[in-house]
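*Asks:* This is a predicted model, with the sequence first.
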Amino acid sequence: MKQQPESWRFDAIGTAWTIDTADAVSDVQRAAVADLVAEVDRTWSRFREDGGVASLRAGESVDLGTEAATLLDLYDVLHDATDGAVNPLVGGGLEVLGYDAAYTLRQHGDPVAAPAWSSAMRDGSVLKVPTGAVLDVGAAGKGWLVDRVAALLLAGGHTPTVDAGGDIVHHGSAPIRVALEHPNDPTMAVGVATLAPGKAICGSAANRRAWGEGLHHVLDARTGAPTRGVVASWVVADTAAVADGAATALFFAAPDRLVDLGIAAVWIDATGLHSTPDFPGEVFA
């Protein structure tokens, strides 16, 4: 007999997760999700001294594991579309500005450009970067993990909607509506997206991780300085990884530079609120 719909909530990788399913998720499946999240955190987090990023910084070649090539290939596309502004070697620049493992949130020096992404050597899932370079996949990594959690549950017979701090992939039976939170007022929305089954939506806003005067987490890797201009973006795509990465890329490139990713978008800049013609929903311009 079918069980009642379930909404499963937990905290992981520094954000709140909600997973909605038509049936209860078993303890075995929950454990599998927890193991996956822990493995990804250990491998990819730049805030850990015992994982893959620390080994990369030390100059080692590291096998980043299952589905790593999918994420790194996406970064190749984002890098090219933004003329190098999106670069997963931006971690050192974030540390200089205070977004470091100790969360000092105090700038330690002048902005530092990231090493060239072309300086990394990759063979499938095995990566080697220049010694001292700091990998940071914050631009697309959370969406990529959302996709992997959803895929694990799909393989277990569920049709989940997975939401990790606003990075959402929806596999339910009917469309859902997702509010686009105003970047300056979380009680207001600038629009609503209608998310069809099999689609994902992710947003990015400069003020989500901001500290000090003009300091925030969206850096132009070419200069190491926080970007100016676009203040928030939302992207609907076929995967959360693409939606997440493209939402960051929109801070540096117009949507037509990302057309090959098959996205629809909304963004806010100094001139106002904009959307692509095919955005599935409405904006309150």
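*Replies:* The structure has been received and is ready for your questions. Numbers count the residues shown, from 1 in each chain.

*Asks:* check contacts around Pro115.
*Replies:* Shown in contact with Pro115 (C-beta atoms under 8 Å, 6 or more residues apart in numbering): 89, 92, 129-130, 133. All C-beta atoms are positioned from the backbone trio N, CA, C, and that covers glycine.

*Asks:* State the mean pLDDT of the helix or strand where Ile19 lies.
*Replies:* Per DSSP states H and E, Ile19 falls inside strand 15-21. Throughout strand 15-21, pLDDT has a mean value of 96.

*Asks:* what's the following helix or strand after that strand?
*Replies:* Next element after strand 15-21 (DSSP H and E): helix 27-44.

*Asks:* For the closest residue to Ser45 other than its chain neighbours, give me the pLDDT.
*Replies:* Using C-beta to C-beta, 6 or more residues apart in numbering and skipping the chain neighbours, the partner closest in space to Ser45 is Gly51 (6.0 Å). pLDDT recorded at Gly51 is 94.

*Asks:* Just read off the phi/psi values of Gly51.
*Replies:* Per-residue torsions, Gly51: phi -120, psi -170 (degrees, to the nearest 10).

*Asks:* what sits against it?
*Replies:* 41-45.

*Asks:* swap the cut-off to 7 Å and go again
*Replies:* By C-beta atoms under 7 Å, 6 or more residues apart in numbering, Gly51 lies in contact with 42-43, 45.

*Asks:* Closest one of the contacts of Pro115 to Ala140?
*Replies:* Leu89 (13.8 Å; C-beta to C-beta).

*Asks:* The stretch 151-285 of the chain: helices as residue ranges?
*Replies:* For the stretch 151-285 of the chain, helices defined by DSSP state H, counting those that start in this stretch occupy the ranges 240-249.

*Asks:* in it, what spans have low per-residue confidence?
*Replies:* 285 (pLDDT under 70).

*Asks:* ok, 90 please
*Replies:* 183-187, 205-217, 285 (pLDDT under 90).

*Asks:* Could you check how far the closest residue to Gly93 other than its chain neighbours is from Glu95?
*Replies:* Closest residue to Gly93 apart from its sequence neighbours, by C-beta to C-beta, 6+ apart: Gly224 at 3.7 Å. Remark: distance between Gly224 and Glu95 (C-beta to C-beta, to the nearest Å) = 10 Å.

*Asks:* Pull out the buried residues from the contacts of Gly51.
*Replies:* 43, 45 (16 or more other C-beta atoms under 10 Å).

*Asks:* Tabulate the contacts of Gly51 (JSON lines), appending distance to Ala249.
*Replies:* Below are the contacts of Gly51 laid out as JSON lines (distance: C-beta to C-beta, whole Å):
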{"residue": "Arg42", "distance to Ala249": "27"}
{"residue": "Thr43", "distance to Ala249": "24"}
{"residue": "Ser45", "distance to Ala249": "22"}
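
*Asks:* Return the closest of the contacts of Gly51 with respect to Val283.
*Replies:* Nearest to Val283 among those, with distances taken as C-beta to C-beta, is Ser45, at 34.6 Å.

*Asks:* Is the closest one in contact with Val53, as I believe?
*Replies:* Yes - here Ser45 lies in contact with Val53, judged by C-beta atoms under 7 Å, at a distance of 6.4 Å.

*Asks:* In contact with the residue nearest to Gly93, which residues are there?
*Replies:* Gly224 touches 93, 96, 111-114, counting by C-beta under 7 Å, 6+ apart.

*Asks:* With Ala232 instead?
*Replies:* 183, 203-205, 267-268.

*Asks:* which parts of the strand ranked longest in the chain are buried?
*Replies:* Assignment by DSSP state E gives strand 185-195 as the longest strand of the chain. In terms of neighbour count (16+ other C-beta under 10 Å), strand 185-195 has its buried residues at 190-191, 193, 195.

*Asks:* Confirm that Arg148 sits in a helix.
*Replies:* Yes - applying DSSP: H, G, I helix; E, B strand; the rest coil, one finds Arg148 inside a helix.

*Asks:* Against Ala32, how distant is it?
*Replies:* Separation of Arg148 from Ala32 (C-beta to C-beta): 11 Å.

*Asks:* Looking at these two, which is more packed in?
*Replies:* Set side by side, Arg148 and Ala32 show more neighbours around Arg148, with 22 against 17, by other C-beta atoms under 10 Å.
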